[in-house]
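Trainee: Below: sequence and its predicted model.
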Amino acid sequence: MTATPGRAGRREWIGLAVLLLPTLVLSMDMGVLFFAVPYISTTLAPSGTQQLWIMDMYSFLLAGLLITMGALGDRIGRRRLLMIGATGFIGASLLAAWADSAGQLIAARALLGAAGATVMPSTLALIRNMFHDPRQRQVALGAWGGILTAGATLGPVAGGLLLDHFWWGSAFLLAVPVMALVLLTAPALLPEYRATARTGAAGRFDLLGAALSMAAVLPLVYGVKTLAVDGWSPLPALAVPTGLLLAGAFVWRQRTAANPLIDLSLFRIRTFSGAISVNTIAMFAMMGFTLFTSQYLQLVKGMSPLAASLWSLVPSVGVGAAVGIGSALAGKVRPAVLMGGGFLVGAAGFALMTRVGAHSPLALILTAAGVLAAGTVGTMTMTAEMVVSAAPVEQAGAASATSETAVELGSSLGIALLGAVGAAVYRHRLDGALPAGVGGEAAHTAQDTLGGAVSVAAHLPGQLGADLLETARTAFTDGLHLAAVVGALLALGAALLAHRLLGHLPAAAPTPASEPEPESEPESEPIAA
């Protein structure tokens with residue numbers, strides 16, 4: 001089968017399968033670690049702040065570098081950048097698997113995030129280059145989005161299966177054979193694409209803008225997390241305004257640079273900015289509570305990683321139903337109404353979370369998680385095509401990179417900030433409330449994290465260990481309740497935002513019949529398929 005002009009053929013569809021492999025790994029790499037947290041707490045003994053950094057560092061580096069790496073791929077070649085990223089991901093995965101301290105694991109997670117940032121925009125940009133026909137591209141983008149969702153669902157299960165049989169570092173080794181397969185097949189199946197002088201996108205790379213984008217994210221997040229977990233201290237208090245100032249400098253740089261990393265005029269498109277805003281809030285809410293749910297199943301209910309990961313699949317039933325209902329109603333109901341309704345459903349899920357206690361039946365948290373996920377994921381499925389269609393054709397690549405950056409930043413901030421709220425409440429509740437007989441280093445470990453308290457309780461005699469577990473688990477659910485209140489308020493605010501920014505969109509936007517040939521030209525001729 002040979003592709004007709006403007007339409008993809010067999011080679012492009014096989015190439016899509018190759019691009020979906022690293023996409024699957026990237027989406028799994030966050031969830032695969034959720035059920036490893038108790039094991040990491042026991043083996044590496046991280047502090048509460050270090051534990052949050054272990055979870056967050058990957059996504060923050062990924063979010064901070066997506067736009068930078070997308071622009072770099074335009075200049076050096078998108079397939080080349082994909083292969084560089086796959087190589088880096090293999091090396092960083094091996095370092096993470098055999099890390100022997102919390103600091104080493106945080107550093108390895110940072111390298112994983114940097115490598116992942118080279119892979120994500122490369123896959124999406126290549127899909128847009130390979131599929132020029134709008135309907136074919138919609139199918140390809142749908143497959144790409146479906147793989148992201150599937151990876152987020154399968155990650156915890158794969159992690160649970162590995163942790164049930166091997167050490168915690170094995171969770172990082174899933175990526176190695178997949179990325180190796182990408183390296184072997186990409187040269188034969190993926191054509192090289194890079195921007196040309198005709199596009200105006202092949203100018204000098206904005207190194208200062210790239211540095212400012214990273215310099216703005218890390219101090220801001222560090223300050224917020226540290227202040228929430230450890231209370232006031234000069235360094236994190238200074239980090240927050242420093243990050244805000246650097247963010248302002250980044251915006252100024254993008255407005256004045258001859259070749260900016262991102263065209264800020266995109267945000268003046270109401271549909272574009274609205275879709276990105278609601279998607280970011282949805283990811284914030286959903287990912288922030290995924291970590292709470294996984295820890296509750298293991299550390300409060302005492303499940304093994306495998307059992308917890310399998311039970312965590314139950315909420316996906318609600319997600320599947322929500323996606324199906326949303327697709328059926330998409331042509332009949334305005335997007336703002338569907339999104340607003342989804343966020344109201346998510347707020348109801350958060351409300352149910354406030355009823356979860358240390359001794360609640362398992363069905364309660366699974367139902368709450370299912371309702372929450374159904375509402376938030378239901379809104380996210382409508383935004384990908386909305387973002388791409390809202391931006392001008394020649395800026396679709398930048399629009400996609402910006403959208404992915406917002407998604408990653410939203411998920412990372414959700415884990416960081418909602419996790420920090422829960423951690424702050426946990427530490428406050430345990431301050432002075434530990435059972436008599438728990439002191440010294442054991443008290444410090446128990447007060448840091450619930451995983452630490454479970455580890456300490458395992459080495460205490462009978463009733464003393466039981467009392468510590470009861471106190472710590474109650475403190476954890478108290479933190480969960482406050483985080484749920486914050487999440488519910490965010491969901492309600494997002495429903496209002498969707499109505500305000502996207503209320504002008506009709507129930508069904510027309511699909512364009514064709515689009516101009518892409519300005520980017522292949523570096524080599526396509527291989528006949």
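Mentor: Now that the structure is in, tell me what you want to look at.

Trainee: Now do A347 against S360, distance only.
Mentor: Remark: distance between A347 and S360 (C-beta to C-beta, to the nearest Å) = 20 Å. For the C-beta atoms, the positions are set from N, CA and C on the backbone; glycine is no exception.

Trainee: out of those two, which sits in the more crowded spot?
Mentor: Using other C-beta atoms under 10 Å as the criterion, A347 and S360 rank with A347 on top: 25 against 15.

Trainee: Name all residues that make contact with that one.
Mentor: Contacts for A347 (C-beta atoms under 8 Å, 6 or more residues apart in numbering) come out as 375, 488, 491-492, 495.

Trainee: Where does pLDDT dip in the stretch 101-250 of the chain?
Mentor: 134-135, 138, 141-142, 145-146, 149, 153, 194-203, 224-231 (pLDDT under 70).

Trainee: can you map out the helices along the stretch 1-150 of the chain?
Mentor: With DSSP state H, counting those that start in this stretch as the criterion, the stretch 1-150 of the chain has helices at 10-31, 37-44, 48-76, 78-97, 102-130, 134-163.

Trainee: Which of the ones you listed sits closest to G462?
Mentor: Set against G462 and scored by C-beta to C-beta, the helices of the stretch 1-150 of the chain come closest in helix 37-44, at 20.6 Å.

Trainee: Let me see the mean pLDDT of that closest one.
Mentor: The average pLDDT within helix 37-44 is 79.

Trainee: between that helix and helix 102-130, how many degrees?
Mentor: When axes from the mean of the first three to the mean of the last three C-alpha atoms, to 10 degrees is applied, the directions of helix 37-44 and helix 102-130 differ by 140 degrees.

Trainee: how far does helix 37-44 sit from the chain's center?
Mentor: Here the centre of helix 37-44 is set off from its chain's centre by 22 Å, with C-alpha atoms, centre = their mean, to the nearest Å.

Trainee: cool, and stretch 48-66?
Mentor: The chain centre lies 10 Å from the centre of stretch 48-66; the measure is C-alpha atoms, centre = their mean.

Trainee: try stretch 242-252
Mentor: Offset of stretch 242-252 from its chain centre (C-alpha atoms, centre = their mean): 23 Å.

Trainee: In that stretch, which residues are buried?
Mentor: 242-243, 246-247, 249-250 (16 or more other C-beta atoms under 10 Å).

Trainee: Just the ones in strands from those residues, please.
Mentor: Per DSSP state E, strands hold no members of the buried residues of stretch 242-252.

Trainee: My guess is P156 contacts T293. True?
Mentor: No - in this structure, P156 is not within contact of T293 by C-beta atoms under 8 Å, at 9.4 Å.

Trainee: what about P260, which SS state?
Mentor: Three-state assignment for P260 (DSSP: H, G, I helix; E, B strand; the rest coil): coil.

Trainee: Could I get the contacting residues of it?
Mentor: Going by C-beta under 8 Å, 6+ apart, P260 touches 206, 209, 253-254.

Trainee: Give me the subset of these that lies in helices.
Mentor: The helices, defined by DSSP state H, take in 209, 253-254 from these.

Trainee: neighbour-wise, which of the residues you listed leads?
Mentor: G209 (23 neighbours).

Trainee: follow-up on the earlier one: could I get the helices of the stretch 1-150 of the chain as TSV with distance to S312 and mean neighbour count?
Mentor: Listed next are the helices of the stretch 1-150 of the chain as TSV, based on distance: least, C-beta to C-beta, whole Å; neighbours: other C-beta atoms under 10 Å:
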stretch	distance to S312	mean neighbour count
helix 10-31	9	21
helix 37-44	13	20
helix 48-76	16	24
helix 78-97	22	22
helix 102-130	22	24
helix 134-163	5	20
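
Trainee: Would you mind putting the ones you listed into JSON lines with distance to R334 alongside?
Mentor: Shown next, in JSON lines, are these (distance: least, C-beta to C-beta, whole Å):
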{"stretch": "helix 10-31", "distance to R334": "29"}
{"stretch": "helix 37-44", "distance to R334": "41"}
{"stretch": "helix 48-76", "distance to R334": "30"}
{"stretch": "helix 78-97", "distance to R334": "36"}
{"stretch": "helix 102-130", "distance to R334": "27"}
{"stretch": "helix 134-163", "distance to R334": "20"}
